[in-house]
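Undergrad: fold the following.
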Amino acid sequence: MAALPIIDLREIGSPDELAAELLRVGKDPGFFYLVGHHISVDIFDVCRDFFSNTPLAEKKMYWTESGDKGYTGMRDENLAGKGNGDLKESFYIASQKICPDQQLPLKLEENREQIEKFISQCESTAKILLEGFALGLELESSFLSKHHGGKCNRLRLIHYPEVPFTAPDLPTSTTEATPRPDTQTHPIDEKTDIRAGAHSDYGSLTLLFQQATDQGGLQVLQHGGAWRDVPYLKGAIVVNIGDALEFWTSGQLRSTVHRVVFPRTAAESGSRFSIPFFVQPDAEVLLAPLPLLGTPVEIEERVSRFQRVLKEKGYHEADPITAGEHLRRRLQATY
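TA: Presented below is the predicted three-dimensional model:
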């Protein structure tokens, strides 16, 4: 049994059928595998080459304090808001069509055309999903997609460095790996450290690309508080709903908390690369929570659910807010 529901676009017969499937998985768990898509460009070699062969001094030339465009270093980000910060580094990229002035390090600039093709294919897939969600919510198919012009979309290349692994039942001296240089300057506390702290994403949708060699680490939080592993599935993208879409739909779609845990086995302790593509509403779009429809009992249940969402995510009210301000507040809490 797969860790998440699977939606296969090759088996969907109509927009209405896709809408029904998306609404089903969008309500719970808010995460799903997408297969049968048309994203054919692979940029994992670009990602690996950049992090492995670009000097830290050059990466730091592109450092970003805001987490919008550019480089973030080890422990710059603290997604869970506690501990020493997340043990990872990353690089945020905007489409050249939207941000032609974003300068890239040499290893990325050399592959700009391939990166742009990848972004374009991600945006085309996101449009299909946004239209499906809109139909599932009984809205015009373009209700969501017309507010996602790509201005705030971001591609993120992530590197989780190799870390020492100590088997729990063996003496430390016989099982410790030698720390790599990039972790020596960031001492590790295996009791508190994490690769990416528990968090929910900020935008509308995230398309996450994993490698076949990925030995694990990504987990989603289920109802009841249990964490579930989300391993690599051949040909699949992991898709999840973000906070903006959850807020916008009055909690009808779920933005699920997830994390990337510290290595639990020797196989998980090596360098890990992942590539999320964040689909976000344009900054000027007003996120006004949609009216809740249904029978009186259904409406009462949905209102109660939305109130829980507001409390859990730290919203002070349900008043409309621009997507740009919503994103600014979420980033500010992280960086």
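Undergrad: next one: Ala283 from Asn153, what distance?
TA: According to Cβ to Cβ, to the nearest Å, Ala283 and Asn153 sit 11 Å apart. In short, each C-beta sits where N, CA and C put it, glycine included.
Undergrad: which of those two has more neighbours?
TA: A count of neighbours by other Cβ atoms under 10 Å puts Asn153 above the other of Ala283 and Asn153, at 24 against 15.
Undergrad: now the more buried one. Its backbone dihedrals?
TA: Backbone torsions of Asn153, given as degrees, to the nearest 10, read phi -70, psi 140.
Undergrad: tell me how far it lies from Thr213.
TA: Counting by Cβ to Cβ, the gap from Asn153 to Thr213 is 27 Å.
Undergrad: same deal with Ser14?
TA: 37 Å.
Undergrad: looking at these two, which is more packed in?
TA: Looking at Ser14 and Thr213 with other Cβ under 10 Å, you find the greater number of neighbours at Thr213, namely 12 against 9.
Undergrad: helix or strand: which one has the more buried one?
TA: Thr213 is located outside every helix and strand, with elements delineated by DSSP states H and E.
Undergrad: quick one: it from Ser274, how far?
TA: On the measure of Cβ to Cβ, Thr213 and Ser274 end up 11 Å apart.
Undergrad: and for Asp49?
TA: Look at Asp49 and Ser274: by Cβ to Cβ, they are 15 Å apart.
Undergrad: between those two, which one's more packed in?
TA: Neighbours per residue, other Cβ under 10 Å: of Asp49 and Ser274, the larger number sits with Ser274, 24 against 15.
Undergrad: just checking, that one touches Gly216?
TA: No - at 11.7 Å, Ser274 and Gly216 do not qualify as touching, with contact defined as Cβ atoms under 8 Å.
Undergrad: and Gly70, how close does it get to Phe118?
TA: Per Cβ to Cβ, Gly70 is found 18 Å from Phe118.
Undergrad: what segments of the stretch 1-150 of the chain are helices?
TA: 15-27, 44-53, 56-60, 106-109, 112-136, 142-145 (DSSP state H, counting those that start in this stretch).
Undergrad: where does the prediction get shaky in the stretch 151-300 of the chain?
TA: Along the stretch 151-300 of the chain, segments meeting pLDDT under 70 span 164-196, 215, 263, 265, 267-269.
Undergrad: can we see that at 80?
TA: Within the stretch 151-300 of the chain, the segments meeting pLDDT under 80 span 163-197, 214-216, 261-270.
Undergrad: all helices of it, in order?
TA: All helices of the stretch 151-300 of the chain, identified by DSSP H, counting those that start in this stretch, fall at 172-175, 181-184, 243-248, 296-313.
Undergrad: so which residue is smack in the middle of this structure?
TA: In the chain, the residue lying closest to the centroid (Cα atoms, centre = their mean) is Thr206, at 4.7 Å.
Undergrad: quick one, what contacts that one?
TA: 239-240, 242, 276-279 (Cβ atoms under 8 Å, 6 or more residues apart in numbering).
Undergrad: out of these, who has the most neighbours?
TA: Neighbour counts for the contacts of Thr206 peak at Val279, which has 29 neighbours (criterion: other Cβ under 10 Å).
Undergrad: list the residues that contact that one.
TA: For Val279, the contacting residues are 122-123, 126, 130, 148, 153, 203-207, 242, by Cβ under 8 Å, 6+ apart.
Undergrad: tally of neighbours for Glu109?
TA: For Glu109, the count of nearby residues is 10 (other Cβ under 10 Å).
Undergrad: skipping adjacent residues, who's closest to it in space?
TA: Closest residue in space to Glu109, ignoring its immediate chain neighbours: Gln103 at 7.9 Å, by Cβ to Cβ, 6 or more residues apart in numbering.
Undergrad: pLDDT at the one you found, what is it?
TA: Gln103 carries a pLDDT value of 95.
Undergrad: wait, which of the helices of the stretch 151-300 of the chain is closest to Arg328?
TA: Among those, helix 243-248 comes nearest to Arg328, with 11.9 Å by Cβ to Cβ.
Undergrad: okay, now the unreliable bits of the stretch 1-150 of the chain?
TA: Residues of the stretch 1-150 of the chain that meet the cut-off, pLDDT under 80, sit at 1, 65-67, 76-86.
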